[in-house]
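In: Quick one: sequence and predicted model below, then my questions.
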Amino acid sequence: MTDCLFCSISAGDIPADIVLRTPDYVAFHDINPQAPVHILVIPVEHHQSIAALGAANPELAGGLVAVTEQVAREAGLTDYRLVFNTGADAGQSVFHAHGHVLGGRDLNWPPG
Ligand code: AMP
Ligand code: ZN
């Protein structure tokens with residue numbers, strides 16, 4: 001058992017609405033979506049942030065970006081936002097590296 005939420009989801013110990021699984025990555029719907037499409041993409045391997053992942057395993061970090069593109073396409077998105085909150089002050093609340101794939105509405109930012 002692990003005390004990391006996303007390791008638990010990856011292991012199948014906590015249920016999630018999984019949209020893609022490969023040996024190295026899992027993608028699942030965010031439980032509190034901020035857009036019509038809001039999918040999280042994680043590496044199975046635990047790293048506390050995208051920064052830590054990139055430093056420890058650049059190949060796995062690059063592959064994560066490729067998976068986000070696949071997930072976005074399969075969700076019907078051509079345009080989307082890919083977000084990696086890094087550190088608590090930037091809004092990171094789960095300390096297992098994950099990318100947010102957001103789309104399905106106008107995401108022009110800042111608004112106006
Ligand atoms: P962050 O704030 O960047 O660390 O993102 C963590 C995300 O995980 C948030 O958008 C949460 O809504 C989402 N989240 C938290 N618990 C779950 C869960 N059990 N299943 C799916 N998404 C979750
Ligand atoms: Zn983890």
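Out: That came in fine, so what should we check first? Ligands and ions are numbered 1, 2, ... in the order given.
In: So which bits of this structure are right by ligand 1?
Out: Applying C-beta under 6 Å from any ligand atom, we find that the chain lies next to ligand 1 at L5, A16, F28, D30, I31, N32, L40, N85, G91, Q92, S93, V94. Every C-beta, even on glycine, is put in place using the N, C-alpha and C of the backbone.
In: Out of those, which end up buried?
Out: In the residues of the chain next to ligand 1, burial by neighbour count holds for A16, F28, D30, L40, N85, Q92, counting by 16 or more other C-beta atoms under 10 Å.
In: Are we agreed that the first one is in a strand?
Out: No. When DSSP: H, G, I helix; E, B strand; the rest coil is applied, A16 is found to be coil, with no strand at that position.
In: Next SSE downstream of the biggest strand by length in the chain?
Out: Of all the elements of type strand in the chain, the one with the most residues (DSSP state E) is strand 37-43. Downstream of strand 37-43, the next assigned helix or strand under DSSP states H and E is helix 50-56.
In: helices and strands around that next one, which ones?
Out: In terms of contacts (3 or more C-beta pairs under 8 Å, 6 or more residues apart in numbering; DSSP states H and E), helix 50-56 is packed against helix 58-74.
In: Quick check: residues of the protein near ligand 2?
Out: Within the chain, the positions near ligand 2 by C-beta under 5 Å from the ion are C4, F6, C7, H46, H96.
In: Find the helix or strand that the second one is a member of.
Out: F6 belongs to helix 5-11 when assigned by DSSP H and E.
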